[in-house]
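A.B. asks: Mind looking at a prediction? Sequence and model below.
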Amino acid sequence: MSTSDTHVFLEKDIRVTDDHQYIVLIAYDISSNKRRNKISTLLKSFGFRIQYSVFEATLSRDSLKTLREKIVNYLEEHDNLKIFCLANSSKAWEYGKSDLESKSFTDTKTIIC
């Protein structure tokens, strides 16, 4: 993957101040245990796991850009990783109990609509 096209939405689609916080959801499907463990370790340094292959994070514009730059170094062509940048008005409803670490950076769960 090339880094040349990885920041297009940050520069063109989102017009906010530098102190804006992005709520992001990151989901991945990576077949290699080694690469998957590296991605997982990287994502833990930015947010927290909400499912085995899904992380939630609240990031500044610079942190989001840094995360995106680092992620491309771990991925190969057949890997799949998506970062969903959620609007502040997003809402989520959580059902069931997870044995995974679970916490939220906001008073209300803000993951998906």
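C.D. replies: Yep, it's here.

A.B. asks: alpha carbons only for contacts and neighbour counts from here, please
C.D. replies: Fine.

A.B. asks: From residue 38, how far out is residue 45?
C.D. replies: When distances are taken as Cα to Cα, to the nearest Å, residue 45 and residue 38 turn out to be 11 Å apart.

A.B. asks: go on, residue 27?
C.D. replies: Counting by Cα to Cα, the gap from residue 27 to residue 38 is 14 Å.

A.B. asks: So for the two, which sits in the more crowded spot?
C.D. replies: When neighbours are counted by other Cα atoms under 10 Å, residue 27 comes out ahead of the other of residue 27 and residue 38, with 19 against 15.

A.B. asks: if I read this right, that one contacts residue 53, doesn't it?
C.D. replies: Yes - with contact taken as Cα atoms under 8 Å, residue 27 and residue 53 are classed as touching, separated by 5.6 Å.

A.B. asks: same for the top strand by length along the chain, what does it pack against?
C.D. replies: With residue count as the measure and DSSP state E as the assignment, the chain has strand 21-29 as its longest strand. Judged by 3 or more Cα pairs under 8 Å, 6 or more residues apart in numbering; DSSP states H and E, strand 21-29 is in contact with strand 54-60, helix 61-71, strand 80-86.

A.B. asks: Burial check on residue 76, number of neighbours?
C.D. replies: By other Cα under 10 Å, 12 other residues sit near residue 76.

A.B. asks: where does it land in three-state SS?
C.D. replies: coil (DSSP: H, G, I helix; E, B strand; the rest coil).
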